[in-house]
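In: give the three-dimensional model of this entry:
(one chain, ligands or ions: 1)
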Amino acid sequence: MESGEKFMRWALDLARYGRGTASPNPMVGAVVVSDGEIVGEGYHRVPGRPHAEAAALRDAGELASGADLYVNLEPCCHHGRTPPCTEEIIESGVVRVFAAMVDPNPRVAGRGLSRLREAGVQVETGLLEDEAQRLNEAYTKYIGSGMPFVTLKMAMTLDGKIATRTGDSRWISGDEARKWVHRQRAASDAVLVGIGTARSDDPRLTCRLPECPESAQPLRVIADSLARLPAGARLLWEAPERPVLVACTGDAPQGRLEKLRYAGAQVETFQSRPDGDGLDLKSLLHGLAAREITSVLCEGGGELAHGLVFSGLVDSIVIFLAGKLIGGRDAPTPLQGAGVDSMDEVLELCDMEIDRVGEDLRITARIPPMEGES
Ligand SMILES: NC(=O)c1ccc[n+]([C@@H]2O[C@H](COP(=O)([O-])OP(=O)(O)OC[C@H]3O[C@@H](n4cnc5c(N)ncnc54)[C@H](OP(=O)(O)O)[C@@H]3O)[C@@H](O)[C@H]2O)c1
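Out: Numbers count the residues shown, from 1 in each chain. The predicted structure is shown next:
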């Protein structure tokens, strides 16, 4: 491996320490390299705390003078919650900056690199760019479209069922897959389920891995037009300090809203779908973005998943396929709803990948943006 690539990979690994806590900021890691040795490193942990470059420069101290800096995102050049990184880099005496990708934030968007060049710092971009883009895809989508990046995750048997005909789905996937889900909850700003799942499974939707910091716990969101979530739901009483948002429409009875608020839920009203059948999911996701939610993990069930997918709101799908059979025409499938009428109308997925997680197969795929969307 080229040494430059090695240092950028190190920066990307550092950046991952900010997963679940750096949001709505991007995950960024940086290393300062002098005479082929790493002399300083840092990452961005939480908004308002030092950026990765500043942390790495402080770690390097005087050794930064004459050194190279590797960072997975273009350094910022504006005053936000912290001072601009470009100025700290220039003052430190760093001579070369390798940035894996340009910052899509319109307040930066190449200006950070220009500022460094103006000050005589050599700048190169593009080293491990694909990896860097992938790491911060939620940030890039959020910044560019004002919508969160949505991942739909479902566990399914080999005969395509997500629960038995009586609604029992515990457990379809194995321990390792469920651990992955917990890590993914911590990595996401919000976890979303429909009221069908909230009522039938009574889930907690928290990350219960011992290493998960409290600040990485997601906002738990229930798509619940008529505020039917029982006030005794485990979501509300088992982790009362962690927020739950009940997303309903103007049709929800006042009395139920009050009961849920009293039980500790945040209740917010969103638009209804034009046919009046449930929430307008785009308005819900817009509302979440307004709360600086950049990534959403949707954990089902089939009705909500169908609504999200066929509204063009899902970016990535993760299906855990278990070597089990449920059978029965009334047992639900990952996408309930009406579906399409003909094969001309099917949604074609791309970037399909398969790997094994414990006893299950994990299939991931992307949904390309629908026509008219970017
Ligand atoms: N294996 C798995 O991965 C997995 C994951 C999750 C769930 N499950 C299973 O799936 C079953 C529950 O699934 P489900 O399909 O009945 O429930 P669901 O998808 O969790 O919830 C559906 C409800 O969400 C509400 N909703 C609000 N806006 C919506 C919209 N725009 N589009 C669609 N729904 C909207 C609707 O109720 P209102 O109109 O009242 O708002 C709708 O009835 C359970 O048996 C559960 O165990 C399995």
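In: how about the residues of the protein near the ligand?
Out: Within reach of the ligand by CB under 6 Å from any ligand atom, the chain has these residues: 154-155, 162-163, 167, 169, 172, 193-197, 200-201, 223-226, 228, 273, 278-279, 281, 299-304, 307, 332, 336. For the C-beta atoms, the positions are set from N, CA and C on the backbone; glycine is no exception.
In: ChimeraX command for the buried members of the residues you listed?
Out: In ChimeraX, this line selects whichever of the residues of the chain next to the ligand come out buried by 16 or more other CB atoms under 10 Å:
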select :154,155,162,163,169,172,193,194,195,196,197,201,223,224,225,228,273,278,279,281,299,300,301,302,303,304,307,332,336
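In: which ones among the residues of the chain next to the ligand map onto helices?
Out: 195-197, 200-201, 281, 302-304, 307 (DSSP state H).
In: for residue 87, state which of these is nearest.
Out: When these are ranked by distance to residue 87 (CB to CB), residue 281 comes first, at 42.5 Å.
In: got a pLDDT number for the closest one?
Out: For residue 281, the pLDDT comes out at 98.
In: was I right to think it contacts residue 310?
Out: No - in this structure, residue 281 is not within contact of residue 310 by CB atoms under 8 Å, at 9.9 Å.
In: wait, isn't residue 174 in contact with residue 321?
Out: No - with contacts counted by CB under 8 Å, residue 174 stays clear of residue 321, the gap being 11.1 Å.
In: mutual contacts of the two, please.
Out: Any residue near both residue 174 and residue 321 by CB atoms under 8 Å, 6 or more residues apart in numbering counts here, and that gives residue 360.
In: now residue 364. Its backbone dihedrals?
Out: Residue 364 adopts backbone torsions of phi -120, psi 150, taken as degrees, to the nearest 10.
In: any idea what it is bridged to?
Out: Applying DSSP bridges to residue 364 yields these beta-bridge partners: residue 318, residue 353.
In: these two touch, right, it and residue 316?
Out: Yes - using CB under 8 Å, residue 364 is in contact with residue 316, at 6.7 Å.
In: next one: the residue sitting nearest the centre point of the chain from residue 257, what distance?
Out: For the chain, the residue nearest the mean C-alpha position is residue 295 (3.1 Å; CA atoms, centre = their mean). Going from residue 295 to residue 257 by CB to CB, to the nearest Å gives 27 Å.
In: again, but for residue 21
Out: 32 Å.
In: low pLDDT regions in the stretch 201-350 of the chain?
Out: Of all residues in the stretch 201-350 of the chain, none has pLDDT under 70.
In: so which residues of the chain form helices?
Out: Under DSSP H, the chain gives helices at 3-15, 52-60, 85-92, 111-118, 129-135, 137-145, 175-187, 195-201, 234-237, 254-262, 281-290, 302-310.
In: and the last one with helix 281-290, angle?
Out: Here helix 302-310 runs at 80 degrees with respect to helix 281-290, directions being taken by axes from the mean of the first three to the mean of the last three CA atoms, to 10 degrees.
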